[in-house]
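Student: everything below, folded, please.
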Amino acid sequence: MKRSQTDRVVFRRKRQPPADLGHGGAWKIAYADYMTAMMSFFLIMWILSLVPRDDLVGIAEYFRMPLMTAIRGGPQVDISAKVIPGGAPSPIPNRNPITQKPIPNVDAVDRHDTRRLEGLKDELEELIRTNPVLQQFQPQLLLDMTPDGLRIQIVDQQNRPMFATGRAQVQSYMRDILRELGPVFNTLPNAITIAGHTDALQYATGERLYSNWELSADRANAARQELVGGGMQEDKIKRVLGLSSTVSLVKDNPNAAVNRRISLVVLNKRAERRIDEQNAAGDAVVQPGGLSDAPALLNAAPSTVSSDDTYKAD
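Tutor: Next up is the predicted model:
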């Protein structure tokens, strides 16, 4: 049986609506890019916090460099000491330019400072040999180089003490020694520390009242006054210390007369930096409100001894 031409088969295709995919995964890619950028940003900030300030100056000047100058080359940017290829004065105005301070070679400075102190030692030794005032006290003047600088020690002799017995009253010949030495220290910019030392003989009251600690500190301060009275600049004093009998020259005989002495140390720059760092660390410890007890401490009167019976026979 033949199919007629009008008998056509029609296929009807019905389109299905697309499934809901939750807006796709494109947002995840964008979020990942954002997190990567933030991580890179904080990583860069952390690295910059570790870079020394002097290196940051060079980095800042590099980014102020015009692009074409950086590509083609040219003189270095502004006053930077960094070796950065290319660079020229930036067309971008900089109203507050960062001036880079030259960094001195610390080792070279310390070596030069040591040579200066050794020269001062030679000068003092010559002065002691030729000065009529100091010449007679030459056995009581000890000079040596220490890790902190040049040390001048003025020691007691059994028949020629520097101070009155058990007191901080300077004897006339000790005053002459200090006033002769005072102007010599002005020739160098180095600071000075003064330390007082005593023997191990205690007061009758022991260390409960006025003791060797107070005596050594008072004697060191009296020596400071005589140095300044002789012409030494007041701002050269870095520290005044009272060490009692803790540092003896003759350890086998702590009561020896030579243990009673005044030590003057002309500090080298390394020792000065260490002391300044210690002082700066102490300032950082003090917080606002941390000195609430200071008025009570300042109002507390120190104990004093007025009776001559407590003086020791040193």
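Student: in contact with Arg175: list those residues for me.
Tutor: For Arg175, the contact set (C-beta atoms under 8 Å, 6 or more residues apart in numbering) comprises Glu226. The way it works is simple: take the backbone N, C-alpha and C, and place the C-beta from them, glycine included.
Student: assumed it was part of a helix.
Tutor: Yes. Judged by DSSP: H, G, I helix; E, B strand; the rest coil, Arg175 forms part of a helix.
Student: pLDDT value on it, please?
Tutor: pLDDT recorded at Arg175 is 90.
Student: could you do Ser4 as well?
Tutor: Ser4 is assigned 58 on the pLDDT scale.
Student: and if you look at Glu226?
Tutor: Listed pLDDT for Glu226 reads 92.
Student: that one sits in which helix or strand?
Tutor: Assigned by DSSP states H and E, Glu226 falls within helix 212-229.
Student: name the helices or strands packed onto that helix?
Tutor: Under the contact definition 3 or more C-beta pairs under 8 Å, 6 or more residues apart in numbering; DSSP states H and E, helix 212-229 sits against helix 172-181, strand 192-197, strand 237-242, strand 261-267.
Student: in that helix, what's buried?
Tutor: 212-224, 226-228 (16 or more other C-beta atoms under 10 Å).
Student: strand 261-267 and that helix, what's the angle between them?
Tutor: Orientation check (axes from the mean of the first three to the mean of the last three C-alpha atoms, to 10 degrees): helix 212-229 against strand 261-267 gives 60 degrees.
Student: which residues sit against helix 212-229?
Tutor: 154, 162-163, 166-170, 174-175, 178-179, 181-182, 185, 194-198, 200, 202-203, 207, 234, 237, 240-245, 262, 264.
Student: cutoff 6 Å now
Tutor: Identification of contacts with helix 212-229 by C-beta atoms under 6 Å, 6 or more residues apart in numbering yields 163, 168, 170, 175, 178-179, 182, 194-198, 234, 237, 240, 242-245, 262.
Student: so what's the nearest residue to Arg129 once chain neighbours are set aside scoring on pLDDT?
Tutor: Excluding the flanking residues, the one nearest Arg129 by C-beta to C-beta, 6 or more residues apart in numbering is Gln135, at 6.6 Å. pLDDT, Gln135: 86.
Student: next, Gln135: phi, psi?
Tutor: The phi and psi values for Gln135, taken as degrees, to the nearest 10, are phi -60, psi -40.
Student: and it, how many neighbours?
Tutor: The number of residues packed near Gln135 is 12, by other C-beta atoms under 10 Å.
Student: swap in Lys28?
Tutor: Number of residues near Lys28 (other C-beta under 10 Å) recorded here: 9.
Student: so what's it up against?
Tutor: Residues in contact with Lys28 (C-beta under 6 Å, 6+ apart): none are found.
Student: helices along this structure, start to end?
Tutor: In the chain, the helices defined using DSSP state H lie at 26-50, 53-63, 67-72, 106-130, 132-135, 172-181, 212-229, 269-285, 294-299.
Student: deepest of the ones you listed, which one?
Tutor: Highest mean neighbour count among these (mean count of other C-beta atoms under 10 Å): helix 212-229, with a mean of 20.
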